[in-house]
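Trainee: Quick one: sequence plus predicted model below, questions after.
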Amino acid sequence: MDAMILAAGQGTRMLPLTEKTPKPLLKVGGHSMLDYHLSMLTELGFEKVVINISHLHEQIDEYVKNNSHNGLDIDLSVEESGPIGTAEGIRKCVDKFTSDTVLVMSGDLFTNCRPQTLELGDGYDAHLVLVPNPTHRSKGDFLFHDGVLAPRVGRKVGLTFSGIGIYRTKLFRDSKYTSVDLGDVLRALVKDGRVSGEVYEGIWVDVGNIERLEKAREMANLLT
């Protein structure tokens, strides 16, 4: 299986911290968020990862060149004119993948999650790790029952997508799923009943703003 980290975001909600530092290189507990992701992939047995980058991408390029990352082969996909969207970023890299499935994770997570499965069952094109709803997403993204995701409707409360998922690479060649945003692709797949899932209830922070960065740093201190 291949792996990809989505790290092309501008990090505008993290200003002024991201004015001179790309968000994946911001420190949590003495290590950058990108450090944690690469360590997780190494631990899971991955040998290669693709990272899409844009804002201040030269810094991430330098970071990759100056660190061994336990021998992990890192391939950078530069979006020089600015981020092109999460799904489009994966689509741009699809020819770099050597297997028919890819583990994709958001670059702005702080978590010690390790997916319970790296396999896709028959009839499913994606498998998502879900988490209990954080305060900023109190109703969640999807309903979840018997291992399968369904659209969240009306006032029903679901679970939140963690930013970690496994996908068949053919999705990003399929003319049916053309949105540039991965969220739109996932909602279409869920509506078609083609997404399985699992729930993770451990440490997880979507580091989308400075307040959540401080929360991640507090949680990291508890681990030391």
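Mentor: Done, it's in.
Trainee: Report the buried residues of stretch 174-186.
Mentor: Under the neighbour-count criterion of 16 or more other C-beta atoms under 10 Å, stretch 174-186 has 177, 182, 185, 186 buried. C-beta here means a position set from N, CA and C on the backbone, and glycine is covered the same way.
Trainee: same thing with stretch 31-43?
Mentor: Applying 16+ other C-beta under 10 Å to stretch 31-43 flags 32, 33, 34, 35, 36, 37, 38, 40, 41 as buried.
Trainee: residue ranges of the strands in this protein, please?
Mentor: 2-7, 27-28, 31-32, 48-53, 73-78, 101-106, 109-111, 126-131, 142-145, 148-151, 160-168, 195-199, 204-206 (DSSP state E).
Trainee: What residues of the fifth one count as buried?
Mentor: By neighbour count, with 16+ other C-beta under 10 Å as the criterion, the buried positions of strand 73-78 are 74, 76, 77.
Trainee: go on, the fourth one?
Mentor: By neighbour count with 16+ other C-beta under 10 Å, strand 48-53 contains the buried residues 49, 50, 51, 52, 53.
Trainee: what pLDDT does the second one get?
Mentor: So the one you mean is residue 50. Predicted confidence (pLDDT) for residue 50: 96.
Trainee: if we can go back for a sec, I'd like the buried residues of stretch 31-43 laid out as CSV, including pLDDT and distance to residue 94.
Mentor: Output for those, formatted as CSV (pLDDT from 0 to 100; distance: C-beta to C-beta, whole Å):
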residue, pLDDT, distance to residue 94
32, 91, 27
33, 92, 25
34, 93, 22
35, 92, 26
36, 92, 25
37, 93, 20
38, 94, 21
40, 91, 22
41, 94, 19
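Trainee: tell me the two of those that are most distant?
Mentor: Greatest spatial distance among the buried residues of stretch 31-43 (C-beta to C-beta): 32 and 41, at 14.3 Å.
Trainee: Longest helix in this protein, by number of residues?
Mentor: Longest helix of the chain, by residue count under DSSP state H: helix 210-223.
Trainee: name the helices or strands packed onto it?
Mentor: Applying 3 or more C-beta pairs under 8 Å, 6 or more residues apart in numbering; DSSP states H and E, one finds that helix 210-223 contacts strand 27-28, strand 109-111, strand 204-206.
Trainee: could you dump the strands of the chain to CSV with distance to residue 118?
Mentor: Output for the strands of the chain, formatted as CSV (distance: least, C-beta to C-beta, whole Å):
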stretch, distance to residue 118
strand 2-7, 10
strand 27-28, 25
strand 31-32, 24
strand 48-53, 14
strand 73-78, 18
strand 101-106, 7
strand 109-111, 16
strand 126-131, 9
strand 142-145, 19
strand 148-151, 18
strand 160-168, 6
strand 195-199, 11
strand 204-206, 18
